[in-house]
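Undergrad: 3D, please:
(2 chains)
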Amino acid sequence: MDRCYIGIDLGSTTTKAVFIDNQERVLGRGITNSRSNYELACQIAREEAEINARFALLGQHLEQSKHVGKHSSSLLKWLTCYYHLAQYLRQLETLRSECLGVRKHWNSPEAEAEKFTQALSYIFSEMEREVYDEFDPEKRSESDFFRDLASSAYMRLAEQVSMERGLSFGRLVGLFDGAILRTEGHSFAGDYEEYLEFARTKTIQAPCFAPFSDDITEAVAATISTTFNVVNTVGTGYGRLTLPFAKQQIRSEILCHGLGAHFMFPGTRTVLDIGGQDTKAIQVNKEGIVTAFQMNDRCAAGCGRYLGYIADEMNMGVHQLGPLAMKSSKTVRINSTCTVFAGAELRERLALGEAREDILAGLHRAIILRAMSLLARSGGVTNEFTFTGGVARNEAATTVLKKLVIENYGDMVINIGHDSIYTGAIGAALFARRDPRGVMADVEISKLKTKKKAPDKMTGAGM
Amino acid sequence: MNVQQKIQKEDSMIMQKEMIAGHFENLARAGENGKKVVYTFVPGNLNELILAFDMLPVHPEVNALQSGMRKMSGDYIQEAEKFGHSEDVCAYVKCDIGMMKKGNIGPTGLPLPKPDLLLLSYTGCFTFLKWFEILKKEYDCPIVLLQVPYQAEGKITREMRDYVTRQLEEVVVPALEKVSGKKFDPDRLKEMLALSAQAEDLLVEVWNSAKNKPSPIDAYFGGVFYIGPIFTAFRGLPECVDYYKALKAEVNYRIKNKLGPVTPEGELNDQKYRIVVEGPPSWPNFRDFWKILTDEGVVMVASTYTKVGGLFEDGFRHDPDRPLESLGEYCMGCYTNHSLPARVDILEKYIKDFSADGFMIHSIKSCNSFSAGQLLIMSELEKRTGKAGVFIESDLVDPRYFSAANIKNRLESYFQMIETKRAGA
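TA: The predicted structure is shown next:
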């Protein structure tokens, strides 16, 4: 692979990585939850981005193949889905053994502990059985974090088991909580060749793809042998200072979001980024250079974490909030002055019998109202407007935002891309590409691998 | 930095430290020496008039900021809160009240005397009124109020001037005579005002030295740390003139040798960004705050907070030929007595005259009167100068509102933004 550049955005909730090539084309994107370990999160996001880049190459190989031709996109979808299934199964296996490991440290009587061991055995065999439905290439559209997928399945099964067998649900949850943190301490991308082989084998078993067996095998082999010549890496985001990078390889997330948004939507003049714990209103010029910005101060109410907290309070996944809020028929007004107070207000509203979806719609509105105030402070919205960050994936938030921007600033182009969560990482990658000074990035990246076995096969020369 | 330069720089710092220490020692011994004490605020202070009656000034907000620098303010503020002062009350007030409740030990570790008179000579900050009302209750001493008209129209009119002069003649001077037991001596005041004017000439030259590249001074951190303080308690005295002469000589040496100011991190010769500042520093984090900026290669070339004790760059001087009238003009001319549009004009002029790369606004959580309107100031300045500003928020002396990580993050982003704009990406 020709020269390529990496941008890494270490957010407080998720860590994102993007590979771009010399022509500033995006090769691959990777995302993982930031955990409390930025080094590991950084490594995993980078590995995920590299895998993503390999899949893009795989797609090109398949497209170029004479036989596959028009089937290439559906074929790639199948391969991707089964690849993730293979990785998920490996993660599930690790989670199972970590759960058992946590259980072993209990001081409970043997007979009592054995009941939990059996319960775990049941839960995990069910999770494994169910996962084949979850990873059906015909139905599945995108991958979620392992934590989210595993957690919702585990909790559901644990509740069922605890009722059927008279076991403490709380203790089963405790096992999961201890084990998931340990599981997330592993990197699973290193065995990517194995997963690809699993994906290849399972895909060619499908009668519709069997005729392309040789082409698939050839394309997979070519993809595996590709190496990435990483010339420079730039880090940004909340955790950027924890990266072992030189000062010139660290850029402020404000600049990265500005440049990234401008790259994705060149007409952009105002950018709103709602991340995990900060909200940024940014004005950029026609080159994508930041000319003014405002951030939330003293308080993180109105940021992504606000939604995370509410999700916990409602015992839901954060990704489920938006879809539920969209079902609302009336908006309940909720304050946005403090995340913790909003939690109290939420309970009060529930007690008063308000519908969950209506309360959630109110909470989404509260977040966006805060953002509107920052936008006004930064100079308002005068031209094309781009919304980035994790919250931009939430339809309930984007719906309110669009409405309020148009109400306040008139009709205008509002860009909300599906990949907007990668905006900061794209901006960082562009700075890596455009900054003539940084040439020794490989050295720093390699340091990130010292804690874990180096997945030699995937790194290749220059990585 | 060679030894000679270091010693030379330390001369003014040592000199000011000794002078301030001497002042606090005089205050501690005021009782035994039979000296009367006047509590008064820095903006619009009538220092010459107080000294002309052989009285000693105490500046409560200076004590508060000193407590902040000594990391005592957090405890003092909590002490004041125990007495019912809310979280939103000016942190200077709470710090001062907490210090008083805890024994009134001043910045140098010596006890501060009780006031014989509370002289409120500036009321643009309405908190000052309440502050002295509280002190009056605590100390049960006489209080005198000089009402200083606000410069709403951006200028001092004949009526405003007459109004203040009459108050000085009819209210303030008699009050000082009564408390001090001395007759007002106009000639003594005139002598002092002549010395003040000399110090003011020198001070203006020191502030203007920041127009040089590299700037030989830091007009914000250095400004409040050692350039400005002498001016308040010593204006009108010969040692004040001596101090500024010495400082001026040091500054000239630095200009000639193209040297930057001495900061706690060493001499700042490599000045990447020239910045104008609006708003006071965060005193409990003074050193950290300065370091964040020094690390980025930032020199502050002009600031408005250092003009709270008087604006002299447009030519105003205390005038021995018009003693009371010029004292009144001084009170009305302090930075805090200017309207929002006038503050924008002053900052715009600084940005242009001092060839600044941008400006920083430090907004204060517990000070509405100074912080209100600063976002408007920012957008107006950006529009007029084409230079970007950065807006940070914390507090004067309440350490609970200083988030180093957030402030650093914002400032780093800001300077990277300037750098990227310069490079044209």
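
Undergrad: which residues touch whichever residue of the stretch 351-463 of chain A sits closest to chain B?
TA: Taking C-beta to the nearest C-beta, chain B has its nearest neighbour within the stretch 351-463 of chain A at A:R377, 5.7 Å off. Where C-beta positions appear, they are placed from N, C-alpha and C, glycine not excepted. Neighbouring residues of A:R377 by C-beta atoms under 8 Å, 6 or more residues apart in numbering or on different chains: A:A281, A:Q294, B:L375, B:F391.

Undergrad: following the host helix or strand of it, which helix or strand shows up next?
TA: In this assignment (DSSP states H and E), A:R377 forms part of helix A:356-378. Tracing the chain past helix A:356-378, the next element assigned as helix or strand by DSSP H and E is strand A:385-388.

Undergrad: got the CA positions of that following strand in PDB?
TA: Extracted in PDB, the C-alpha atoms of strand A:385-388 (Å, rounded to 0.1, in the frame of the first residue of the first chain):
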ATOM      1  CA  PHE A 385     -24.100  23.700   9.000                       C
ATOM      2  CA  THR A 386     -22.600  20.300   9.900                       C
ATOM      3  CA  PHE A 387     -23.300  18.300  13.000                       C
ATOM      4  CA  THR A 388     -20.700  15.900  14.200                       C
END
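
Undergrad: does it come close to chain B?
TA: No. Using C-beta under 8 Å from any C-beta of the partner chain, strand A:385-388 stays clear of chain B, with a minimum separation of 15.4 Å.

Undergrad: got a list of contacts for whichever helix or strand comes after that strand?
TA: Sequence-wise, the next helix or strand downstream of strand A:385-388 (DSSP H and E) is helix A:395-409. Helix A:395-409 is touched from outside by A:272, A:274, A:321-323, A:325-326, A:328, A:360-361, A:364-365, A:367-369, A:371-372, A:375-376, A:380-382, A:385, A:387, A:391-392, A:412, A:414, A:416, with contacts defined as C-beta under 8 Å, 6+ apart.

Undergrad: who's in contact with the nearest residue to A:L85 once chain neighbours are set aside?
TA: Closest residue to A:L85 apart from its sequence neighbours, by C-beta to C-beta, 6 or more residues apart in numbering or on different chains: A:F135 at 3.9 Å. Contacts for A:F135 (C-beta under 8 Å, 6+ apart) come out as A:C81, A:Y82, A:H84, A:L85, A:Y88.

Undergrad: from those residues, pick the one nearest chain B.
TA: A:H84 (34.9 Å).

Undergrad: A:D136 should be in a helix, yeah?
TA: No. Counting by DSSP: H, G, I helix; E, B strand; the rest coil, A:D136 is not found in a helix; it is coil.

Undergrad: pull up the gap between the nearest residue to A:Y38 once chain neighbours are set aside and chain B, please.
TA: Once flanking residues are discounted, A:Y38 sits nearest to A:G239: 4.1 Å by C-beta to C-beta, 6+ apart. Distance, A:G239 to chain B, by C-beta to the nearest C-beta, to the nearest Å: 11 Å.

Undergrad: A:G239 contacts A:T13, correct?
TA: No. With contact defined as C-beta atoms under 8 Å, A:G239 does not count as touching A:T13 (10.7 Å).

Undergrad: quick one: the strands in chain A?
TA: A:3-10, A:14-21, A:26-33, A:229-236, A:270-274, A:279-284, A:290-295, A:385-388, A:414-415 (DSSP state E).

Undergrad: low-confidence stretches in chain A?
TA: Scanning chain A for pLDDT under 70 picks out A:1, A:140-143, A:244, A:297-298, A:336-337, A:435-463.

Undergrad: residues of it that sit close to chain B?
TA: Counting by C-beta under 8 Å from any C-beta, chain A sits next to chain B at A:251-255, A:259, A:287-295, A:297-298, A:377, A:379, A:434.

Undergrad: tell me the buried residues within these.
TA: A:251-255, A:259, A:288-295, A:297, A:377, A:379, A:434 (16 or more other C-beta atoms under 10 Å in any protein chain shown).

Undergrad: which helix or which strand is home to B:V93?
TA: Element membership of B:V93, judged by DSSP H and E, is helix B:91-101.

Undergrad: buried residues in that helix, which are they?
TA: Of all the residues in helix B:91-101, those buried under the rule 16+ other C-beta under 10 Å are B:A91, B:Y92, B:V93, B:K94, B:C95, B:D96, B:I97, B:G98, B:M99, B:M100.

Undergrad: just put those in JSON lines and tack on distance to B:S363 and pLDDT.
TA: Below are the buried residues of helix B:91-101 laid out as JSON lines (distance: C-beta to C-beta, whole Å; pLDDT from 0 to 100):
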{"residue": "B:A91", "distance to B:S363": "13", "pLDDT": "94"}
{"residue": "B:Y92", "distance to B:S363": "15", "pLDDT": "93"}
{"residue": "B:V93", "distance to B:S363": "18", "pLDDT": "93"}
{"residue": "B:K94", "distance to B:S363": "18", "pLDDT": "94"}
{"residue": "B:C95", "distance to B:S363": "19", "pLDDT": "95"}
{"residue": "B:D96", "distance to B:S363": "22", "pLDDT": "93"}
{"residue": "B:I97", "distance to B:S363": "23", "pLDDT": "93"}
{"residue": "B:G98", "distance to B:S363": "23", "pLDDT": "94"}
{"residue": "B:M99", "distance to B:S363": "25", "pLDDT": "94"}
{"residue": "B:M100", "distance to B:S363": "28", "pLDDT": "92"}
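
Undergrad: so which of those residues reach chain A?
TA: By C-beta under 8 Å from any C-beta, no member of the buried residues of helix B:91-101 lies near chain A.

Undergrad: got the phi/psi numbers for the residue nearest to A:L85?
TA: When read as degrees, to the nearest 10, the backbone of A:F135 gives phi -100, psi 60.

Undergrad: quick check: the residue of the stretch 301-425 of chain B nearest chain A.
TA: Taking C-beta to the nearest C-beta, chain A has its nearest neighbour within the stretch 301-425 of chain B at B:S413, 3.5 Å off.

Undergrad: leaving out chain neighbours, which residue sits closest to that residue?
TA: Closest to B:S413 by C-beta to C-beta, 6+ apart is A:S252, at 3.5 Å.

Undergrad: OK, contacts around the one you found?
TA: A:T236, B:N409, B:E412, B:S413, B:Q416, B:M417.

Undergrad: burial count for the closest residue to A:Y195 other than its chain neighbours?
TA: Spatial nearest neighbour of A:Y195, excluding adjacent residues (C-beta to C-beta, 6+ apart): A:A86 at 3.7 Å. Neighbourhood size, A:A86 [other C-beta atoms under 10 Å in any protein chain shown]: 22.

Undergrad: quick one: A:A86 from A:Y192, how far?
TA: According to C-beta to C-beta, to the nearest Å, A:A86 and A:Y192 sit 9 Å apart.

Undergrad: just checking, B:K35 touches B:E25?
TA: No. Between B:K35 and B:E25 there is no contact under C-beta under 8 Å: 11.7 Å.

Undergrad: how far away is the residue nearest to B:S413 from A:K16?
TA: 16 Å.

Undergrad: ok, A:A86 next?
TA: Relative to A:K16, A:A86 is positioned 23 Å away (C-beta to C-beta).
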